[in-house]
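Engineer: What shape does this take:
(one chain, ligands or ions: 1)
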Amino acid sequence: MRKATKVRLYPTIEQKQLLAQQFGCSRFWWNKALSLQYEHRFEQERWLKRTELNAMLPGLKVELPWLSDCYSQVLQATTKHLEQAFKNWFEGRAKKPRFKAKKNNQSISFPQNVKIVENNLKIPKIGLIKAKFSRSIEGEIKTVTISVTPSGKYFAAIGLDLGDVEVEQSTDGVITGIDLGLKDYVTCHNGTETYSIKHPKWLKRHERNLRKHQKQLSRRNGSRSSTACTKQSGVNIALFDETVKTALPLKGSNRKNKARLLVTRVHERLSNTRQDFLHKLSRKITDESQVVVVENLNIKGMVKNRKLSKAIVQSGWGMFLNFLSYKLEHKGGVLVEIDRFFPSSKTCSKCGYIHTELELKDREWTCKQCSTHHLRDDNASRNIRTEGIRILGLGHSPRGDDVRLEACFEQLSVKRVPSFEQLTLF
Ligand SMILES: [Zn+2]
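Structural biologist: Sure thing, here's the model as predicted:
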């Protein structure tokens, strides 16, 4: 079984410069290899293999001696990532691979040879970097990815191989149906009780702060293009670090760069708060259930609806489902996603009557057939759960039969692949 953990790094100024060099080399090779791919495809009508690309590296290093400063396995890992990017494109999981720009792609991967020495991270060609581990590391270290955030914080995502660990089968067989909402973040029904978790309004809390800093930033003199750049959200704007100014792209005046740094910091804080909340919530739900049933939301489609979009993007549902999925998988549970056209709110959870006139603003309603009074979200979570049970082929037993559950897992579980960054031990 593989797990990953993320640690904060505190490199020295010299180490930051060495890292910046390697980030640059890796990005250069990505862009070079990508253009070689497209050229080759155009001329020979076939794509280059990973081994063919790697075979070009020694020649390229003679031509461009500075490329030898980079640890060779970092470049080979880049080729591997490119191969994966193409695979994701061919199999319809992602858009076609794009060229990388300095402003938002500062990461490198070491496929091996990274060691932990006295609670610090020893990295080839860079040396011992001070690290902060929040928990002890178990298992064999596999890939280590080092990245830097726009505000200049360094992190290492460490992939660990725990070997053949017996996945602990939980035997409680609790099936939880979850209705995702804007007012309450989730409403859960597990067969015996319904509970809801309020939506934390992170953005509101951070918004005033953000607006203040953004205003300040737009007041700083600068070209129109850099103003547009900050409007895009600030997360991907030019990297700024107080200590290694030379290694990073800077635009405009010093005052402007400082204002820009403040905006990125607020964005980072917001994103950390969100991740923290989602990890804790998914952990709670995973601990309490073996099977979780959710609606397969078309989040991209919903974001187009401008009235709802801000709240939806902010709530990070996609990330939440990814967290749930891998946490359940680690404990031997499963996440079942049901069709998003399933009328979870409109169906009476008691008699099955479909109340077609239900509108989005109606928070409660009474069934015309059996006169049960329903709270919208509570009713939806019950229906989602029932639908999940139906899909699993378990009939309407309130508590599932474990043996049959296991048989259903393989064919039914929708494998969500959380990004490496999202996959942290929690
Ligand atoms: Zn009814």
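Engineer: got the residue ranges for the strands in the stretch 51-200 of the chain?
Structural biologist: All strands of the stretch 51-200 of the chain, identified by DSSP state E, counting those that start in this stretch, fall at 107-110, 115-117, 120-123, 127-132, 140-148, 154-161, 175-180, 184-189, 194-198.
Engineer: export those strands to JSON lines and tack on distance to residue 386 and mean pLDDT?
Structural biologist: Glycine gets a C-beta too; all of them are placed from N, C-alpha and C. Written out in JSON lines, the entries for the strands of the stretch 51-200 of the chain read as follows (distance: least, C-beta to C-beta, whole Å; pLDDT from 0 to 100):
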{"stretch": "strand 107-110", "distance to residue 386": "44", "mean pLDDT": "88"}
{"stretch": "strand 115-117", "distance to residue 386": "48", "mean pLDDT": "86"}
{"stretch": "strand 120-123", "distance to residue 386": "49", "mean pLDDT": "89"}
{"stretch": "strand 127-132", "distance to residue 386": "46", "mean pLDDT": "90"}
{"stretch": "strand 140-148", "distance to residue 386": "41", "mean pLDDT": "86"}
{"stretch": "strand 154-161", "distance to residue 386": "39", "mean pLDDT": "85"}
{"stretch": "strand 175-180", "distance to residue 386": "7", "mean pLDDT": "89"}
{"stretch": "strand 184-189", "distance to residue 386": "9", "mean pLDDT": "89"}
{"stretch": "strand 194-198", "distance to residue 386": "13", "mean pLDDT": "88"}
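Engineer: Now render those as a markdown table, adding mean neighbour count and distance to the ion.
Structural biologist: Putting these into a markdown table (neighbours: other C-beta atoms under 10 Å; distance: least, C-beta to the ion, whole Å) gives the following:
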| stretch | mean neighbour count | distance to the ion |
| --- | --- | --- |
| strand 107-110 | 22 | 54 |
| strand 115-117 | 13 | 60 |
| strand 120-123 | 20 | 60 |
| strand 127-132 | 16 | 55 |
| strand 140-148 | 20 | 52 |
| strand 154-161 | 20 | 50 |
| strand 175-180 | 26 | 18 |
| strand 184-189 | 23 | 16 |
| strand 194-198 | 15 | 17 |
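Engineer: need the contact list for residue 43.
Structural biologist: Residue 43 sits next to no residue when contact means C-beta atoms under 8 Å, 6 or more residues apart in numbering.
Engineer: pLDDT score for it?
Structural biologist: The per-residue pLDDT reported for residue 43 equals 87.
Engineer: for the helix or strand hosting it, which positions count as buried?
Structural biologist: In this structure, residue 43 sits in helix 13-44 according to DSSP states H and E. Along helix 13-44, the positions that meet the burial threshold by neighbour count (16 or more other C-beta atoms under 10 Å) are 15-34, 36-37.
Engineer: how far away is residue 290 from residue 388?
Structural biologist: In this structure, residue 290 lies at 12 Å from residue 388, with C-beta to C-beta, to the nearest Å as the measure.
Engineer: hey, what's in contact with both of the two?
Structural biologist: Residues touching both residue 290 and residue 388 comprise residue 175, with contact defined as C-beta under 8 Å, 6+ apart.
Engineer: one step back: what angle separates the helix holding residue 43 from strand 140-148?
Structural biologist: 100 degrees (axes from the mean of the first three to the mean of the last three C-alpha atoms, to 10 degrees).
Engineer: can you list the residues of this protein near the ion?
Structural biologist: Within the chain, the positions adjacent to the ion are 348, 350, 351, 353, 367, 369, 370 by C-beta under 5 Å from the ion.
Engineer: For the closest residue to the ion within the stretch 201-350 of the chain, give its distance to residue 183.
Structural biologist: Taking C-beta to the ion as the measure, the stretch 201-350 of the chain has residue 348 as its residue closest to the ion, at 3.1 Å. For residue 348, the distance to residue 183 under the criterion C-beta to C-beta works out to 21 Å.
Engineer: ok, these two, which is more surrounded?
Structural biologist: residue 348 (21 against 12; other C-beta atoms under 10 Å).
Engineer: Could you list the low-pLDDT ranges of this structure?
Structural biologist: The chain contains residues with pLDDT under 70 at 1, 93, 104-105, 164-172, 202-203, 221-252, 297-315, 340, 393-426.
Engineer: Domain parsing of it, as residue ranges.
Structural biologist: Domains of the chain are assigned by automatic domain parsing as 2-161, 175-200+272-412, 203-270.
Engineer: just to revisit the earlier point, now the strands of the stretch 51-200 of the chain in CSV, with distance to residue 341?
Structural biologist: Written out in CSV, the entries for those read as follows (distance: least, C-beta to C-beta, whole Å):
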stretch, distance to residue 341
strand 107-110, 39
strand 115-117, 49
strand 120-123, 48
strand 127-132, 47
strand 140-148, 38
strand 154-161, 37
strand 175-180, 15
strand 184-189, 20
strand 194-198, 23
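Engineer: wait, which of those is closest to residue 339?
Structural biologist: Residue 339 lies closest to strand 175-180 among these, at 14.0 Å (C-beta to C-beta).
Engineer: how distant is the closest one from the center of its chain?
Structural biologist: 21 Å (C-alpha atoms, centre = their mean, to the nearest Å).
Engineer: can you give me the angle that strand makes with strand 184-189?
Structural biologist: Strand 175-180 and strand 184-189 are oriented at 160 degrees to each other (the same axes, to 10 degrees).
Engineer: CA atoms only for strand 175-180, dumped as PDB, please.
Structural biologist: What follows is the C-alpha trace of strand 175-180 in PDB, where atoms were taken according to Å, rounded to 0.1, in the frame of the first residue of the first chain:
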ATOM      1  CA  ILE A 175     -23.700   3.000   4.900                       C
ATOM      2  CA  THR A 176     -23.900   6.700   4.900                       C
ATOM      3  CA  GLY A 177     -25.700   8.800   2.300                       C
ATOM      4  CA  ILE A 178     -24.400  12.400   1.900                       C
ATOM      5  CA  ASP A 179     -26.200  15.300   0.400                       C
ATOM      6  CA  LEU A 180     -23.800  18.100  -0.500                       C
END
